[in-house]
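# Fold the stuff below for me.
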Amino acid sequence: MLAALGFLTPFGPARAPSPAALRWFPLVGAAAGAVVGLVWWAASKGWHGPLVPAALAVAADLVVTGMLHVDGLADSADGLLPHLSRERRLEVMSQPDVGAFGMAATIAVLLLRVAALGALRPDIALVVGVWCVSRSLVVVAMLVLPYARATGGLATGDLATGGLATAFLGGGVAGAALAASVGVAAGTSLAVWAGGAPAGAGVGAAVVSVAALLWVARRRLGGFTGDVLGAAVVVSETAALLVAGVRW
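Now for the predicted structure:
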């Protein structure tokens with residue numbers, strides 16, 4: 001649990017994820033969603049209109065995640081969107097500064113998150129469900145794609161084999177896959193219970209958006225990086241919220 005917290009939030013010892021840590025990813029996501037949802041709901045009781053509660057909820061998410069996922073989004077945009085070689089893409093994503101692609105993507109996504117939450121009725125259960133699904137999809141990404149970097153980043157210790165699935169041969173893969181499946185099912189059920197069919201469609205949009213991101217990462221990087229995982233979290237949540245708020 002501490003290892004999962006350390007990888008997904010700033011509230012634990014920073015370390016590369018292990019098979020045991022992956023099993024906790026959905027629960028960590030649900031816990032983060034509970035904090036964000038509670039801020040969203042509580043703020044709606046104190047301010048008129050949806051804008052301030054939505055903005056405070058997005059700010060709460062940035063605090064709970066330590067901006068790790070948004071940083072991954074910015075770095076992924078800088079690395080994946082321009083016309084660069086694979087080696088140059090990885091080099092750009094490892095640099096601490098943010099380029100034009102990353103800045104534009106970050107601003108656009110944050111605005112979309114505020115607008116999407118503003119279009120929805122504050123509901124803690126909806127956020128918990130979506131956030132649980134997003135971290136479960138991260139586990140799936142780590143099991144189906146190889147790690148893109150030969151050294152550095154996540155490629156430390158047992159993970160230096162070039163792919164997490166290889167490092168997790170044995171019961172680790174099965175346990176992580178089961179946790180991801182349960183997380184997706186539980187998160188989807190909770191979201192649908194809170195938001196009905198639109199929320200279910202939102203979860204479907206989250207899955208599609210992550211699949212598209214991973215396809216691009218596979219083609220342009222050869223696999224995933226920590227930044228890609230962070231981007232997957234932000235992109236999936238944003239897609240889910242946007243679709244859940246559509247007038248059906």
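# Could you say which helix or strand holds the residue located most distally from the centre of the chain?
For the chain, the largest distance from the centre (C-alpha atoms, centre = their mean) belongs to His48, which lies 29.9 Å off. Following DSSP states H and E, one finds His48 outside all helices and strands.
# Show me where this structure dips below the pLDDT cut-off.
15, 151-172 (pLDDT under 70).
# Go again with 50.
155-163, 165-170 (pLDDT under 50).
# wait, what's in contact with Thr65?
8-10, 32, 233 (C-beta atoms under 8 Å, 6 or more residues apart in numbering). Every residue, glycine included, has its C-beta placed from N, CA and C.
# just the strands in this protein please.
In order along the chain, the chain carries no strands (DSSP state E).
# Show me the helices in it, by range?
2-8, 19-22, 25-46, 51-64, 68-80, 86-94, 100-118, 124-144, 164-167, 171-221, 226-244 (DSSP state H).
# Any idea which of these gets closest to Ala150?
helix 86-94 (9.4 Å; C-beta to C-beta).
# So what touches the closest one?
For helix 86-94, the external contacting residues (C-beta under 8 Å, 6+ apart) are 75-76, 78-80, 82, 84, 99, 148-149, 152-153, 220-222, 225, 227.
# I'd like to know which of those residues are buried.
75-76, 78-80, 99, 148-149, 153, 220-222, 225, 227 (16 or more other C-beta atoms under 10 Å).
# Now render these as JSON lines, adding distance to Pro122.
Formatted as JSON lines, the buried ones among the contacts of helix 86-94 follow (distance: C-beta to C-beta, whole Å):
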{"residue": "Asp75", "distance to Pro122": "31"}
{"residue": "Ser76", "distance to Pro122": "29"}
{"residue": "Asp78", "distance to Pro122": "34"}
{"residue": "Gly79", "distance to Pro122": "35"}
{"residue": "Leu80", "distance to Pro122": "33"}
{"residue": "Gly99", "distance to Pro122": "35"}
{"residue": "Ala148", "distance to Pro122": "38"}
{"residue": "Arg149", "distance to Pro122": "40"}
{"residue": "Gly153", "distance to Pro122": "37"}
{"residue": "Arg220", "distance to Pro122": "38"}
{"residue": "Leu221", "distance to Pro122": "37"}
{"residue": "Gly222", "distance to Pro122": "41"}
{"residue": "Thr225", "distance to Pro122": "34"}
{"residue": "Asp227", "distance to Pro122": "31"}
